[in-house]
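Student: Build me a model from this:
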Amino acid sequence: MNRTIISAGFVALATAGALLAASNIDNTVPNKFSWGENVGWMNWRDANGGTQGVNVGGSIMEGYIWGENIGWINVGDGTPGSVCSGLACYANANGTDFGVNISANGTLHGYGWGENVGWINFDGGAMATPAQPAKILCSGRLTGYAWGENVGWINLSVLTPGQFVSVVSSFVPLLCDMNHDGVKNGLDIQAFENKLLLGGATWRDICSGDLAPPPGVLTPADVPPFVACLLTP
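Tutor: Numbering: from 1, shown residues only. Predicted coordinates:
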């Protein structure tokens, strides 16, 4: 299938919107394409040479997706104006503070905006039958569906390599690496304690430190397996 990017479109985007963080979507396979049955492939990484592609953070996304047949989709400007469960988030109450939020369990919420296609609802997959919510896994891969009233379903998890979206390997959370510096060691203890006692754990923190039931939250039950994990070579 044709995944040609219109380079002129990327150049034009360079002058639009706020200054965004460079994309951290994986380009090695590449794992940067979602699929819409009605609109074709959507590239999550290459806006303006990657400088304005999608960046997946701890609690929000920012940047632009490009669809050959639908144009740009803005998933947030990187400056959320609200707090949700202790994490920075977009309010999604109007057009001034919108974007895709990431809950601690990795589920995606909120809206992207396409000038040509309107709102894209990242909660839409949770309302499907059966439910297939959009989320990011601990592997760094996106799964599930988003929904656009004017474009239909957007599939984030086509099984074929190169036909799904994933973050770069350096951003994939490692087990017990609570300060996310790429190694597990004693420096992770304080980071674990802070998230356990003060809250505000992101999906990356949960992936690194949630080692015992219940899933999706840090509790005292996670302390023994976390210590054991740190002591295991």
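Student: shouldn't Phe33 be in contact with Asp46?
Tutor: No - under the criterion of C-beta atoms under 8 Å, Phe33 is not in contact with Asp46, lying 10.3 Å apart. For the C-beta atoms, the positions are set from N, CA and C on the backbone; glycine is no exception.
Student: How far does stretch 90-99 stretch from one end to the other?
Tutor: 6 Å (C-alpha to C-alpha, to the nearest Å).
Student: If you could redo that for stretch 92-100, that was the one I meant.
Tutor: Using C-alpha to C-alpha, one end of stretch 92-100 lies 9 Å from the other.
Student: Can you give me the separation between Leu196 and Ser208?
Tutor: Leu196 is 12 Å from Ser208, where distance means C-beta to C-beta, to the nearest Å.
Student: So for the two, which sits in the more crowded spot?
Tutor: Neighbour count, other C-beta atoms under 10 Å: between Leu196 and Ser208, Ser208 has more, with 27 against 19.
Student: would Glu193 count as being in a strand?
Tutor: No - counting by DSSP: H, G, I helix; E, B strand; the rest coil, Glu193 is not part of a strand but helix.
Student: Just the C-alphas of stretch 220-233, formatted as PDB.
Tutor: Provided in PDB are the C-alpha atoms of stretch 220-233 (Å, rounded to 0.1, in the frame of the first residue of the first chain):
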ATOM      1  CA  PRO A 220       2.500  -2.000  49.900                       C
ATOM      2  CA  ALA A 221       2.000  -5.500  48.400                       C
ATOM      3  CA  ASP A 222       4.500  -4.400  45.700                       C
ATOM      4  CA  VAL A 223       7.300  -3.700  48.100                       C
ATOM      5  CA  PRO A 224       8.600  -7.300  48.700                       C
ATOM      6  CA  PRO A 225       8.700  -8.300  44.900                       C
ATOM      7  CA  PHE A 226      10.200  -4.900  44.100                       C
ATOM      8  CA  VAL A 227      13.000  -5.400  46.600                       C
ATOM      9  CA  ALA A 228      13.500  -9.000  45.300                       C
ATOM     10  CA  CYS A 229      13.600  -7.600  41.700                       C
ATOM     11  CA  LEU A 230      16.300  -5.100  42.600                       C
ATOM     12  CA  LEU A 231      18.400  -7.800  44.200                       C
ATOM     13  CA  THR A 232      18.100 -10.200  41.300                       C
ATOM     14  CA  PRO A 233      21.000  -9.800  38.800                       C
END
